[in-house]
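*Asks:* Please work out how this folds:
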Amino acid sequence: MSDHIEGKGSCLCGETCFTAPKISTKAGACHCGMCRKWAGGPLMAVDCGTDVSFDDAANISVYNSSDWAERGFCKKCGSHLFYRLKESGQYIMPIGLFDEDEKFSFDHQVFIDEKPSYYSFANETSNMTGAEVFAHYGAGSDETAG
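*Replies:* Model prediction:
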């Protein structure tokens, strides 16, 4: 399997459709407090790079969630559409939005040090603490994700 694929998807109501030509096939879970509050649990997502096109950007609201990241959602149904790094424009998108989500493999978890004890995944994954994420990606210095 290639490490990247092209994919299409949409929000729950179908009003916000998108195409991403270079999506990583490696899915991950973020356990930071902000993602868990946003998603109602761990955010299961894939890296879509910077080249994501939306059919109608007028349907998207963006929440400025930190100094270095923002989160987008559909104005009509409220579906979470993306977590985007401001500096690079990199999109991290929920895996469930994609039409063909069985092409992905779950292989990493971030902010593992913030994962609550009431759930656990059985998959063998690479795990990074919040400090390791910030050190690796240089995305900020505070202790919570964006």
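*Asks:* Just the buried residues of the least confident helix or strand in the chain by mean pLDDT, please?
*Replies:* Ranked by mean pLDDT, DSSP states H and E, the weakest helix or strand in the chain is helix 130-137, scoring a mean of 84. In terms of neighbour count (16 or more other CB atoms under 10 Å), helix 130-137 has its buried residues at Gly130, Val133, Phe134. (C-beta placed from N, C-alpha, C; glycine too.)
*Asks:* Tell me how far the last one lies from Met128.
*Replies:* Phe134 is 10 Å from Met128, where distance means CB to CB, to the nearest Å.
*Asks:* any residues touching stretch 25-45, and which ones?
*Replies:* 1-5, 46-47, 65-66, 71, 80, 83, 92-96, 103-112, 114-116, 119, 121, 125, 130, 144-146 (CB atoms under 8 Å, 6 or more residues apart in numbering).
*Asks:* Any of these buried? List them.
*Replies:* By 16+ other CB under 10 Å, the contacts of stretch 25-45 give 4-5, 46-47, 65-66, 71, 80, 83, 92-95, 103-104, 106, 109-112, 114-115, 125, 130, 145-146 as buried.
*Asks:* which residues of this protein score low on pLDDT?
*Replies:* Filtered on pLDDT under 70, the chain yields the residue ranges 1, 139-146.
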